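Trainee: Below are the sequence and a predicted model for it; my questions follow.
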Amino acid sequence: MSTAKLVVDGKEYEFPVVEGTEGEHAIDISTLRARSGYITLDPGYANTGSCKSEITFIDGEKGILRYRGYPIEELAASARFPEVAYLLVYGHLPDQDELVDWRRQLTLNSFMHESMHNFFDNFPPTAHPMAIMSSMVASMSTFYPGSGEDETVDENIVRLLAQAKTIAAFSYKKSRGEPMVYPLTSYSYAANFLRMMYATPAEEYDVSPVMERALDLLLTVHADHEQNCSASTVRMVGSSQANLYASISAGISALWGPLHGGANQAVIEMLEGIRRDGGDYKKYINMAKDKNSGFRLMGFGHRVYKNFDPRAKILKAACDDVLDELGVTDPLLDIAKNLEGVALEDDFFVERRLYPNVDFYSGIIYRAMGIPTNMFTVLFAIGRLPGWIAQWKEMREDRAGRIHRPRQIYVGKNKRVFKSVSQREHVESAPRPFATWSYDT
Ligand code: CMC
C-alpha cells in the first residue's frame, strides 16, 4: 500500500493512499486531527472525498459518467428511467419479473394519502413548485412514519419515487386551478406524469411517444451525479439518521438554487432576456467575462467536467430531434447555439474550461414539451430521486459511517467581556424608549 507524508512543524506524519476501482487516488487523512491537531481547509469541498461509493463514476477530464458501471450514453440510448432507477437503488439491472413488478409498484404507489390533498389548498397560487415539492416530501414522513426502519425501507423508497410525480403534477394543476388527474397502471412512469399534467376531466390527453421518450431521456440523464451539492445534502442530513423523506426533502431544497438544478430555469430566463434585448448574445458573453457585472452564463461551467459534460452532449443531440419531431421552432435554440459557439471560441471560457452543462439544453426541450419554466427544476428533482435514494441507502447501510460533522477555522473575535446593554457605550449616550428597542443580532 502506498502512503503520503505530511511534514508540519518539523514532525512527519504518514497517511495511507486509497485507490478506487477506476484508479482514483485519495489520501486518507481521517486520523490527521487526532495525531497532529491539524485539520484540512477545503472551502466548497473541491478536494475532499466525503465517502467511498459504488454508485456513480465520473471522470471530468474525459467526460465519463457511469451509473453502477454502465455508461450514460448506453443507458440513455437503450434503458428506460424506471430500469435506471432500479439499477441505481439496488445496484443491479432488474430481471424481467423484477422490472414488471417494479413498474407496477411505481404506479400502484402513485396515489397520495387523501389527507395530503388538503395541503395543496393552502399553498398560495404563486408558490414555486420546488417549495411545494420539498414541503410535500417532508410531510410524507408524517403519513408514513418509520420511514428509516429496515423493514419498511423498500416500501418507502418505491412510494417516494411513485408519489413524486403525482405531487409534481398536482402542484401544476393547482397553480392552474384545475382538478387533479390520477395515474393509470397502463401508462409508463413518464407518460403518467405527462397525462397527469395535461389531461382534464373534460378531455383525455394522448401522450405522444416523442414526448414520453423525451421526458424519459431527461429523467435518465439526471438520475445521479455522485457527491454533488444536493446528494451531499441528502447524505449530510441522513447521517444524523434522519428518515428518508426528511433527507430527500433537504436534497430538493439544495437542488433548487440557480448554481445547481435551478440553472435549467435560469438558462431559459437568461435566453429570454437576451431575446427581449434584441438577441445580442455577444453583449452577454462580455458581461459574463466582466467579474463586476455579477452575471454568469447560466448552463455553463461545472465543478467536475472540464472538457465536456456527457449529459449536455446527449441532450444537445436530442434537442434537435425532439423539436423537429414535435414540429416546434424556438428562437431561443438559435440564441443558445450562437452563445455556445462564441463561448467555446473565447479565451475566457477556453482558459477556464467552461463548457455547456446538462442544464443548457434541457430547458429548451422542456419548453418544446409545453412544460412551464418553473417546473423545470421539479423535473430535475424527479430525475435525481433515484440517485439521492441510492446515496442515502448506501450511507445508511455503511455501518462504519459516522455523522457528518466538518470542522472549521475560526477567524472571529477573541474572548471578550460581556457588558449588559445599559453598560454599552452607545446605549448610554443615546438611550431609546423601551418600546423601540430591538436586540442586536
Ligand atoms: N459564467 C462565467 N464565468 C464562470 C462561469 C459561468 N457560468 N462558471 C465559472 N466561471 C468562472 C468563475 O468566475 C471563475 O473565474 P476565475 O477563476 O477568474 O475567478 C472560474 O470560472 C471558476 O469558477 P468557480 O465558480 O470557481 O467554479 P465552481 O466549480 O465553484 O462552480 C458552477 C461551478 C457550476 C457553480 C459554475 O460554473 C457556475 O456558476 N455555472 C453557472 C450555473 C450553472 O449552470 N449551474 C449548473 C451546474 S450543472 C447541474 C448540476 O449538476 O448542478
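Mentor: Noted; the coordinates are in hand.

Trainee: show me the contacts for Leu215.
Mentor: Ala190, Phe193, Leu194, Met369, Leu379 (Cβ atoms under 8 Å, 6 or more residues apart in numbering). Any C-beta I mention is one placed from the backbone N, CA and C, and that applies to glycine too.

Trainee: Assumed it was part of a helix.
Mentor: Yes: counting by DSSP: H, G, I helix; E, B strand; the rest coil, Leu215 is found in a helix.

Trainee: what does the stretch 151-300 of the chain put close to the ligand?
Mentor: His225, Asn228, Leu259, His260, Gly261, Ala263, Ala288, Arg296, Leu297, Met298, Gly299, Phe300 (Cβ under 6 Å from any ligand atom).

Trainee: Could you tell me how many residues sit around the second one?
Mentor: Neighbours of Asn228 under the rule other Cβ atoms under 10 Å: 24.

Trainee: Trp102 too?
Mentor: 18.

Trainee: pLDDT score for it?
Mentor: The score at Trp102 is 96. That number is its pLDDT.

Trainee: any idea how far Val17 is from it?
Mentor: 40 Å (Cβ to Cβ, to the nearest Å).

Trainee: shouldn't Ala390 be in contact with Glu54?
Mentor: No: contact criterion Cβ atoms under 8 Å: Ala390 and Glu54 do not qualify, at 9.3 Å.

Trainee: Please say which of the two ends up with more neighbours.
Mentor: Ala390 (27 against 12).

Trainee: Give me the nearest residue to that one, chain neighbours excluded.
Mentor: Leu88 (4.3 Å; Cβ to Cβ, 6 or more residues apart in numbering).

Trainee: can you pull the contacts of the one you found?
Mentor: By Cβ under 8 Å, 6+ apart, the contact list for Leu88 reads Ile55, Thr56, Tyr67, Arg68, Ala223, Asp224, Pro386, Gly387, Ile389, Ala390.

Trainee: And the residues you listed, which of them are buried?
Mentor: Neighbour counting by 16 or more other Cβ atoms under 10 Å classes Ile55, Thr56, Tyr67, Arg68, Ala223, Asp224, Pro386, Gly387, Ile389, Ala390 among the contacts of Leu88 as buried.

Trainee: what's near enough to touch the fifth one?
Mentor: Residues in contact with Ala223, defined by Cβ under 8 Å, 6+ apart, are Tyr67, Phe81, Val84, Ala85, Leu88, Gly383, Arg384, Pro386, Gly387.

Trainee: Let's see which of the residues you listed end up in helices.
Mentor: Counting by DSSP state H, the part of those found in helices is Phe81, Val84, Ala85, Leu88, Gly383, Arg384, Pro386, Gly387.

Trainee: This protein - how does it break down into domains?
Mentor: 3-59, 69-218+225-256+375-397, 263-368 (automatic domain parsing).

Trainee: now those as a markdown table including distance to Lys419?
Mentor: As requested, the domains of the chain are exported to a markdown table (distance: least, Cβ to Cβ, whole Å):
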| stretch | distance to Lys419 |
| --- | --- |
| domain 3-59 | 33 |
| domain 69-218+225-256+375-397 | 37 |
| domain 263-368 | 40 |
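
Trainee: any idea how far Ser171 is from Tyr13?
Mentor: When Ser171 is compared with Tyr13 (using Cβ to Cβ), they lie 53 Å apart.

Trainee: For Glu425, find the nearest of the domains of the chain.
Mentor: domain 3-59 (35.9 Å; Cβ to Cβ).

Trainee: ok, back up a step: between the contacts of Leu88, which sits nearest Gln241?
Mentor: Of these, the one sitting nearest to Gln241 (Cβ to Cβ) turns out to be Ile389, at 15.9 Å.

Trainee: what are the ranges of the helices in the stretch 151-300 of the chain?
Mentor: 153-176, 189-198, 209-221, 229-238, 244-256, 263-276, 281-289 (DSSP state H, counting those that start in this stretch).
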